[in-house]
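Student: just a sequence and a predicted model for now, questions to come.
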Amino acid sequence: MLCGGQASGHEAWLLTPAELETLAHASLPPLFQNFELLQAASIIAGIVLFAAVLAEEKFQNLGQGLLRSITLHTRDIGPAVLRLGLAATLGLSALGGLPRHGTALWTQPTLFVPDMVLSTQPGWGWLAIVSLATAALLLAGAATQLAAGAVIVLSLVGCAVFGKVFILHYAGHFIAPSLLLMCCGGGKYSIDALLPAKITLPGMKTHCEMHWGMAQLLAGLTFVSLAITVKFMQPNLLVAILEHSWFGFFGIPLPVVALIMMYVEVLAGVLLIFGRLVRPIALFLLGAFTFFVIILGESPALHGNLYGLMFMFLLRGGTPVVLSVSWRRSADASV
């Protein structure tokens, strides 16, 4: 029910509308119609997922001293990176500095991402001004919690204006970092830190654990949604983008690469949803974003919100939201 409709993500950013229409009507690669192979790949993915959770249970105490020292920087470096990443994406989009392929630079303001063009929605152009003002506050670290709340409101408005595509593919990746900023504030390197009286929202500091879990949930669900509705249901679009890159993928057929990318994104999303292996997943995704920035010639600001979010996850780790699967721990509890 959720898989039909307009394509989005990288595909709508880096391909022209004519290319999108042509590829949407092309037949799927045979690999994506081989149900036996897909079932086997899904079983393997499930085994990998279960093994990853067991490995985390077994080795979670290794390097705790190092992790504690890293976590201490969450209060200082993390909020600054999160603010700057989110501000870059919001501000440049509002100015038309992150256009979709084939659109002239600085001519079409968008809401957060290249394919959410505000000129296609009469009467909503003022959202660019609000986004730009919000980006300025985030950049300076002034009234950070209120600015983060404004990003959440803008995301909800985007859901109402642009509909299903924005809900499934974008909203969660902007609400998630905003929730963390509402919890952490602007951090040490912000105007907020210099003011004797802080402009804050009441009760935010006491609900940080809940905010962190919600951020993981939203980020993970959005990754899973993108993987299924775009990479799995419309693989021709992803294959076309990979063909535009200069990287040869070691001679692996591009449909195979697309299928692997889909499964990897699903696994990463599921692990984030349940708060497992959050630091390794964040580190992997930071590397993946940078890899595609290089091979596709993208602007890093397209994923500024996700760079900041994953950097915070890397520093702080995750909040597990499921019971331990360790048999040893269960046995100890029963004793």
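Tutor: That came through fine.

Student: for residue 117, grab phi and psi.
Tutor: Per-residue torsions, residue 117: phi -80, psi 120 (degrees, to the nearest 10).

Student: what residues does it make contact with?
Tutor: 100, 103, 108, 109, 110 (C-beta atoms under 8 Å, 6 or more residues apart in numbering). Where you see a C-beta, it was placed from the backbone N, CA and C, and this is true even at glycine.

Student: distance check, the second one against residue 237.
Tutor: Put plainly, it is residue 103. Residue 103 sits 18 Å away from residue 237, taking C-beta to C-beta, to the nearest Å as the criterion.

Student: of these two, who's got more company?
Tutor: residue 237 (25 against 16; other C-beta atoms under 10 Å).

Student: could you look up the SS state of the more buried one?
Tutor: Following DSSP: H, G, I helix; E, B strand; the rest coil, residue 237 is assigned to helix.

Student: isn't it right up against residue 22?
Tutor: No - the criterion here is C-beta atoms under 8 Å, and residue 237 misses it with residue 22 at 10.2 Å.

Student: quick one: the helices in the stretch 201-335 of the chain, in order.
Tutor: Along the stretch 201-335 of the chain, counting by DSSP state H, counting those that start in this stretch, helices occupy 208-226, 235-244, 254-273, 278-296, 304-316, 327-334.

Student: how about these in TSV, adding distance to residue 75 and mean pLDDT?
Tutor: TSV is the format used below for those (distance: least, C-beta to C-beta, whole Å; pLDDT from 0 to 100):
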stretch	distance to residue 75	mean pLDDT
helix 208-226	11	93
helix 235-244	38	90
helix 254-273	22	95
helix 278-296	17	93
helix 304-316	9	94
helix 327-334	30	42
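
Student: which of these sits most buried?
Tutor: Mean neighbour count (mean count of other C-beta atoms under 10 Å) peaks for helix 304-316 among the helices of the stretch 201-335 of the chain, with a mean of 25.

Student: from the contacts of residue 117, which land in helices?
Tutor: Using DSSP state H, no member of the contacts of residue 117 falls in helices.

Student: I appreciate the help and will end here.
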